[in-house]
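Undergrad: Sequence plus the predicted model coming up.
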Amino acid sequence: MKRLQSRSTAAFAMLLATLLAPAAQAQSWALQPGSTLGFGTTFEGARFSGQFRQFTAVIAFDPAHPQACTLQASIQLASADTDNADRDKMLPTADFFDVAHFPQAHYQGGQCQPDGPAGSYRAQGTLTLRGVSKPVPLSLRFSMQGKNALLTLDATVPRLAFDVGGGQWASASAIGLDVAVHGVLKLAPGG
């Protein structure tokens with residue numbers, strides 16, 4: 001009986017090690033200066049874009065084991081900058097980001113799968129913005145730059161799903177309903 005238990009325990013340990021192996025092989029990356037996180041949509045039919053000047057990200061990614069990826073980001077919403085004083089005054093208000101109650105947005109993602117050309121992936125994740133959490137997938141492109149790496153990401157955020165710009169701003173003729181997010185993350189080994 002003890003021998004059977006010992007074999008069962010050993011088999012379970014091997015199975016557990018096999019299941020956990022991909023997570024252990026994901027390379028940790030540290031965000032480097034020069035990384036950007038931008039956004040864009042339309043206002044009264046004209047395109048505009050901006051950047052979040054303050055954000056952090058924790059990335060674990062290995063092209064050999066993309067499914068083991070983890071992506072976490074925190075964005076300081078008051079750091080939104082569109083190079084337009086009037087618009088930049090409106091974004092932190094209760095009609096839009098409501099930074100008094102929700103100073104940060106958070107993204108938690110993983111489950112990266114190859115998608116398209118080599119180096120392209122699709123990640124599943126959840127965006128939490130204004131206290132609302134909803135799935136927002138990411139399109140990723142990962143490339144090595146010597147010992148460092150470059151990760152670009154794209155997503156489409158339906159702003160009304162997160163209560164951004166409701167009321168008088170809810171119409172697509174006022175502000176585009178979808179906000180394109182584009183990030184260029186310069187990464188160094190570590191984290």
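TA: Looks like it arrived, so ask away. Numbering: from 1, shown residues only.
Undergrad: Buried residues in stretch 184-191, which are they?
TA: Leu185, Lys186, Leu187 (16 or more other C-beta atoms under 10 Å). Placement of C-beta: from N, CA and C, glycine included.
Undergrad: mean confidence for it?
TA: Here the mean pLDDT over stretch 184-191 is 92, rounded to a whole number.
Undergrad: hey, C-alpha coordinates of it in PDB?
TA: Presented in PDB, the C-alpha positions along stretch 184-191 are these (Å, rounded to 0.1, in the frame of the first residue of the first chain):
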ATOM      1  CA  VAL A 184       5.300  50.600 -27.600                       C
ATOM      2  CA  LEU A 185       7.100  49.000 -24.600                       C
ATOM      3  CA  LYS A 186      10.800  48.900 -24.400                       C
ATOM      4  CA  LEU A 187      11.900  46.000 -22.200                       C
ATOM      5  CA  ALA A 188      15.000  44.800 -20.500                       C
ATOM      6  CA  PRO A 189      15.500  41.400 -18.800                       C
ATOM      7  CA  GLY A 190      14.600  41.500 -15.200                       C
ATOM      8  CA  GLY A 191      11.400  42.700 -13.500                       C
END
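Undergrad: ok, residues contacting that stretch?
TA: With C-beta atoms under 8 Å, 6 or more residues apart in numbering as the test, stretch 184-191 has contacts from 27-36, 57-60, 147-153.
Undergrad: Mind doing that once more with 6 Å?
TA: Outside stretch 184-191, the residues that touch it by C-beta atoms under 6 Å, 6 or more residues apart in numbering are Ser28, Trp29, Ala30, Gln32, Gly34, Ser35, Thr36, Asn148, Ala149, Leu151, Thr152.
Undergrad: What ranges does the chain have for its helices?
TA: 2-25, 85-90 (DSSP state H).
Undergrad: Run through the strands of the protein in chain order.
TA: 28-31, 36-43, 46-52, 55-60, 70-76, 80-81, 104-114, 120-129, 132-135, 138-145, 148-158, 178-189 (DSSP state E).
Undergrad: give me the low-pLDDT residue ranges for the chain?
TA: 1-25, 191 (pLDDT under 70).
Undergrad: I'd like the contacts of stretch 184-191 laid out as CSV, including distance to Gly50.
TA: Below are the contacts of stretch 184-191 laid out as CSV (distance: C-beta to C-beta, whole Å):
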residue, distance to Gly50
Ser28, 30
Trp29, 25
Ala30, 25
Gln32, 22
Gly34, 18
Ser35, 16
Thr36, 11
Asn148, 27
Ala149, 26
Leu151, 21
Thr152, 18
